[in-house]
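**Q** Let's see this in three dimensions:
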Amino acid sequence: MSSNPTDNFPAQPANHNLFSYLYIMFWRRRAFIAILIALVSGLLLKFRRGSSSHEISSSSTAPSEPAEPATPYEAPFSNPNAPLEDDVIPGTYTIHLAPGYALDSHLATHHLDREHVAKILSALYKDKIVYTGTSISDPLLAKIRSDPHVSLISYEYLGVPGTSPSYLAPLEKCSGPVSERVEGAYQVLLAPDYGFESHSKVVGRDMLSLLDEKYNFHTNKWAYEVRGVDRGFLRDIRRDRGVELVVCVQMARRQTEGDLRPK
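**A** This next block holds a predicted model:
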């Protein structure tokens, strides 16, 4: 009787092959998941790096905020309220040049002729050029004032400065650009216990019938606003010693510092 060689080995359990198969599949699945996670992580990392570099490049190439423009230079007036206080010569000004700045250079810069120079005040100023300019229009005056080599400008009077009345109430808020003020409009502050009847006698007009509005301060002190005031009328108001202060009315009618209206 022939024998089978495999008969000499013990029989293998039936579930041994199944166990091996499951074990191999388990590790294959884990390896697949690990590779998948690595691929996804790599893609995410690459995406984040790309976004960061794009943000950096964008921020580096983005235009910076424009700087606020510097306030343009404007030579000051030594007597800015002169047109409201006295008669001035239209288009005529005393112009002070910076020390070392030649008159010819100044004239050439602003295309001025010698005819614009009425006189040079060399006897009064030894260290700089000061001259009286005539026939100067408002646009030309603005151009001259924008020159950093011009240090000061003064209005020229028709009369002799200093011949105004002995008392003139001070003016406030009147030295700014004319475009920011209401032409011919003023607020007037009266002294304590000083009434409109006395004020009207000094001014020579019935002020109660002319004022636009009035306000009471501390029960014994009045202020009022009046419009349509020309230079002569303004002087009459300011000559009254019962007037403490006169304020130019501004175009912006909001409550501002210096406004006499009650807070």
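**Q** got the buried residues for the helix or strand harbouring Q187?
**A** Using DSSP states H and E, Q187 sits in strand 181-190. Counting neighbours by 16 or more other Cβ atoms under 10 Å, one finds that the buried residues in strand 181-190 are 181, 185-190. Every C-beta, even on glycine, is put in place using the N, C-alpha and C of the backbone.
**Q** Name every strand pairing with it and say which way it goes.
**A** Strand pairing for strand 181-190, determined by DSSP bridges: strand 221-226 (antiparallel), strand 243-250 (antiparallel).
**Q** Kindly format the C-alpha coordinates of the shortest one as PDB.
**A** Spelled out, it's strand 221-226. C-alpha atoms of strand 221-226 as PDB (Å, rounded to 0.1, in the frame of the first residue of the first chain):
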ATOM      1  CA  LYS A 221     -23.700 141.800  30.100                       C
ATOM      2  CA  TRP A 222     -24.900 141.800  26.500                       C
ATOM      3  CA  ALA A 223     -23.400 140.600  23.300                       C
ATOM      4  CA  TYR A 224     -25.000 141.000  19.800                       C
ATOM      5  CA  GLU A 225     -24.500 140.100  16.200                       C
ATOM      6  CA  VAL A 226     -24.800 142.600  13.400                       C
END
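**Q** who's in contact with it?
**A** The contact list for strand 221-226, computed with Cβ atoms under 8 Å, 6 or more residues apart in numbering, reads 185-196, 207, 210-217, 237, 249, 260-261.
**Q** From the residues you listed, list the buried ones, please.
**A** Buried subset of the contacts of strand 221-226 (neighbour count, 16+ other Cβ under 10 Å): 185-191, 194, 196, 207, 211, 237, 249, 260.
**Q** so which of the buried residues of strand 181-190 comes closest to L22?
**A** Nearest to L22, judged by Cβ to Cβ, of the buried residues of strand 181-190 is R181 at 97.2 Å.
**Q** Next up, the contacts around that closest one.
**A** With contact set as Cβ under 8 Å, 6+ apart, R181 has these partners: 173-174, 248-251.
**Q** before we move on, back to that, want to throw the strands paired with strand 181-190 into TSV with distance to L158?
**A** Below are these laid out as TSV (distance: least, Cβ to Cβ, whole Å):
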stretch	distance to L158
strand 221-226	26
strand 243-250	22
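**Q** how close does the most centrally placed residue in the chain sit to I95?
**A** The chain has T71 as the residue nearest its centroid, 7.9 Å off, counting by Cα atoms, centre = their mean. From T71 across to I95, the span is 21 Å (Cβ to Cβ, to the nearest Å).
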